[in-house]
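Student: Quick one, fold the following:
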Amino acid sequence: MEINFLENENARKLFQGAAISKDILIRISALTDVPLEAGKTIILFDEVQECPEIVTAVKFLVEEGSYRYLLSGSLLEIKSGKGYIRHAALSNVLAAENYQIPHGLVLCNENVSADGKVIYYPIYMIMFLEKEESDDMIYTPDFSILRQ
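Tutor: Residues are numbered from 1 along each chain as shown. Predicted coordinates for the structure are as follows:
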């Protein structure tokens, strides 16, 4: 199921003021004729830059756990090659105070380093990323296996 915030003004309005996952899910079901099936439905939120509220709402939705979510838009960026140091979309998201994102993570072919709010990890370290149990849902690497 797709909700495109650029094409659907009603979708943008619908998420304003939504604070709890149950309320958000009711609003999502009002946007579509497609039945939502727990454990099976994937909901794509497209053009998320048009609805900043959805980025916060997804935190609650993921915690609720009934469905899987994908976010896309011009503020999100995936690229390959050696130009990993230039990442306009990531820089824009980190600079937007309403997203409240403390740092960005870039997987690259170089060593671990940091530049401002951006942390660079070698791509092989993706296997060490673990979900940290917190309200902020921040992912941090677990390097404990390297000490064995």
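Student: okay, the helix or strand hosting A89 in CSV with CA atoms only?
Tutor: Using DSSP states H and E, A89 sits in helix 88-95. Coordinates of each C-alpha in helix 88-95 appear next as CSV, following Å, rounded to 0.1, in the frame of the first residue of the first chain:
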residue,chain,number,x,y,z
ALA,A,88,23.0,16.6,0.5
ALA,A,89,19.8,14.7,1.5
LEU,A,90,21.3,13.4,4.8
SER,A,91,22.7,16.8,5.6
ASN,A,92,19.2,18.4,5.0
VAL,A,93,17.5,15.9,7.2
LEU,A,94,20.0,16.3,10.0
ALA,A,95,19.7,20.1,9.7
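Student: How far off centre is that helix?
Tutor: 13 Å (C-alpha atoms, centre = their mean, to the nearest Å).
Student: average pLDDT for that helix?
Tutor: Across helix 88-95, pLDDT averages out at 76.
Student: on contacts alone, who are the packing partners of it?
Tutor: Counting contacts by 3 or more C-beta pairs under 8 Å, 6 or more residues apart in numbering; DSSP states H and E, helix 88-95 packs against strand 104-108, strand 118-122. Every residue, glycine included, has its C-beta placed from N, CA and C.
Student: From the contact counts, what lies against the last one?
Tutor: On a contact count with 3+ C-beta pairs under 8 Å, 6+ apart, strand 118-122 meets helix 88-95, strand 104-108, strand 113-115.
Student: what lines up beside that strand in the sheet?
Tutor: Strand pairing for strand 118-122, determined by DSSP bridges: strand 104-108 (parallel), strand 113-115 (antiparallel).
Student: contact partners of it?
Tutor: The contact list for strand 118-122, computed with C-beta atoms under 8 Å, 6 or more residues apart in numbering, reads 84, 87, 90-91, 94, 103-114, 141.
Student: Which parts of it count as buried, going by neighbours?
Tutor: Buried residues in strand 118-122, counting neighbours by 16 or more other C-beta atoms under 10 Å, are found at V118, Y120, Y121.
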